[in-house]
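1. The sequence isn't on hand, but the structure is:
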């Protein structure tokens with residue numbers, strides 16, 4: 001997933017070699033949104049933390065040296081074989097100890113496994129957060145495409161009205177049409193202009209938000225490519241990053257459970273210790289001022305034996321909890337896919353009639369146009385027919401874009 005998110009996006013803007021400018025694809029927007037999102041920097045932070053923590057864990061086998069220095073008053077004196085007036089109750093005692101681990105029961109190895117598993121869990125969590133950007137991109141991208149389609153349909157209707165206004169003005173000048181006919185069509189054109197203004201501002205707002213999301217200014221010179229998809233969603237397996245997240249959490253729990261075995265093992269190492277005393281201790285004819293010892297050390301804390309059974313049960317409960325969360329996620333995702341699939345079937349059924357409705361509305365409008373041009377039909381009938389044709393075309397464009405968005409929503413839900 002990480003490679004997917006931080007790939008170098010060389011296909012982001014494709015010059016199509018025509019006067020239309022540049023083309024931006026929705027897949028490119030996905031990659032740009034991830035690349036531009038501040039949370040992406042978590043990857044580097046997680047990786048650096050992992051490196052430093054592993055480095056610290058690797059130093060567990062380095063020799064451990066401790067030094068202790070004491071300068072103090074000895075209460076009651078120290079035993080001596082021969083009394084001495086020069087004996088002092090003030091002594092300097094220096095203690096040095098060197099420990100070299102030979103075998104730590106697998107603690108270092110297990111600790112490294114925990115660090116690696118924890119790092120993968122954090123990365124998987126980042127992947128889940130970044131994947132949510134797809135839904136935002138879908139809303140903005142298809143919102144812009146829908147506004148563009150509506151503006152195209154309004155332009156078609158505006159062109160028809162403009163032609164009718166021109167014809168009506170000529171007929172009015174020749175006394176063959178009323179001035180009110182011209183005014184009625186001008187009012188309808190003003191209403192179209194209001195709708196165009198609303199869609200233009202809506203589209204510009206979506207473009208501004210998309211620009212902020214992907215880090216590239218989406219100008220009018222950049223054309224958003226209309227995706228091409230099959231009209232029937234293929235039955236798809238769920239490939240969401242959440243599944244990797246649940247898997248990585250299970251791996252982390254299993255890695256942490258490895259410490260239970262480590263706690264049952266003894267620890268073996270080399271030990272060296274030395275003590276220096278000044279002034280020295282008088283023992284008859286001799287004086288002790290330093291002493292040293294070296295050997296093999298072994299330690300075994302058996303408290304892990306008492307907790308081992310409960311620790312295993314706690315691990316099992318943690319794994320079961322994650323399993324339940326994963327099953328719940330899959331259940332909800334399957335429900336969403338089922339709902340989305342039903343929406344697709346419904347939208348396809350609605351869309352199948354749109355072509356015929358548009359064709360019939362166009363035929364009706366053309367017939368009223370002929371009647372009006374020949375003075376056999378009122379303007380109101382022509383205007384109503386024109387409005388209904390425009391509405392039919394706008395609804396068709398809306399249904400097409402809704403279907404396309406739902407298809408992409410299905411892909412996003414399934415993780416494909």
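-> Good, I have the coordinates. Nothing here was measured: the structure is a model prediction, and the numbers come from that model.
2. Whichever helix or strand residue 129 is part of - contacts with which helices or strands?
-> With elements taken from DSSP states H and E, the one containing residue 129 is helix 107-131. Identification of packing neighbours for helix 107-131 by 3 or more CB pairs under 8 Å, 6 or more residues apart in numbering; DSSP states H and E yields helix 2-5, helix 42-58, helix 241-262. For glycine as for every other residue, the C-beta is placed from the backbone atoms N, C-alpha and C.
3. Tell me the secondary structure at residue 289.
-> Per DSSP: H, G, I helix; E, B strand; the rest coil, the secondary structure class of residue 289 is strand.
4. Surely it touches residue 277?
-> Yes: using CB atoms under 8 Å, residue 289 makes contact with residue 277 at a distance of 5.7 Å.
5. out of the two, which sits in the more crowded spot?
-> Set residue 289 next to residue 277 and count neighbours by other CB atoms under 10 Å: residue 277 wins out with 18 against 11.
6. Phi first, then psi, for that one.
-> In terms of degrees, to the nearest 10, the main-chain angles of residue 277 are phi -130, psi 130.
7. swap in residue 413?
-> phi -60, psi -40.
8. Spatially nearest residue to it, not counting backbone neighbours?
-> Among residues not flanking residue 413 along the chain, residue 336 sits closest, at 4.9 Å (CB to CB, 6 or more residues apart in numbering).
9. name the helices or strands packed onto the host helix or strand of the one you found?
-> If you go by DSSP H and E, residue 336 is part of helix 303-373. In terms of contacts (3+ CB pairs under 8 Å, 6+ apart), helix 303-373 is packed against helix 241-262, helix 379-414.
10. Of the ones you listed, which is nearest residue 42?
-> Nearest to residue 42, of all the helices and strands packed on helix 303-373, is helix 241-262, at 13.8 Å by CB to CB.
11. Am I right that residue 238 is in a strand?
-> No: read with three-state DSSP, residue 238 is coil and lies in no strand.
12. hang on, isn't it packed against residue 333?
-> Yes: assessed by CB under 8 Å, residue 238 is found in contact with residue 333 at 5.6 Å.
13. residues bridging contact with the two, i.e. touching both?
-> Taking CB atoms under 8 Å, 6 or more residues apart in numbering as the criterion, residue 238 and residue 333 both touch residue 414.
14. dump the residue contacts of the nearest residue to residue 303 once chain neighbours are set aside.
-> Excluding its sequence neighbours, the residue lying closest to residue 303 (CB to CB, 6+ apart) is residue 263, at 7.7 Å. Applying CB under 8 Å, 6+ apart, we find residue 263 in contact with 105, 301, 303, 304, 307, 308.
15. try 10 Å this time
-> 105, 107, 301, 302, 303, 304, 305, 307, 308, 311 (CB atoms under 10 Å, 6 or more residues apart in numbering).
16. Tell me the one among those residues nearest to residue 381.
-> Nearest member of those to residue 381, counting by CB to CB, is residue 311, at 84.6 Å.
17. Distance of that closest one relative to residue 32?
-> Computed with CB to CB, to the nearest Å, the distance linking residue 311 and residue 32 is 47 Å.
18. got it, and residue 204?
-> As judged by CB to CB, residue 204 and residue 32 stand 19 Å apart.
19. Not counting sequence-adjacent ones, nearest residue to the residue nearest the centre of the chain?
-> Taking CA atoms, centre = their mean, the centroid of the chain lies closest to residue 130, which sits 1.1 Å from it. Among residues not flanking residue 130 along the chain, residue 34 sits closest, at 5.1 Å (CB to CB, 6+ apart).
20. Surely that neighbour is in contact with residue 214?
-> Yes: shown here, residue 34 and residue 214 form a contact pair, counting by CB atoms under 10 Å, at 9.2 Å.
21. if you count what's nearby, which of those two comes out ahead?
-> residue 214 (26 against 22).
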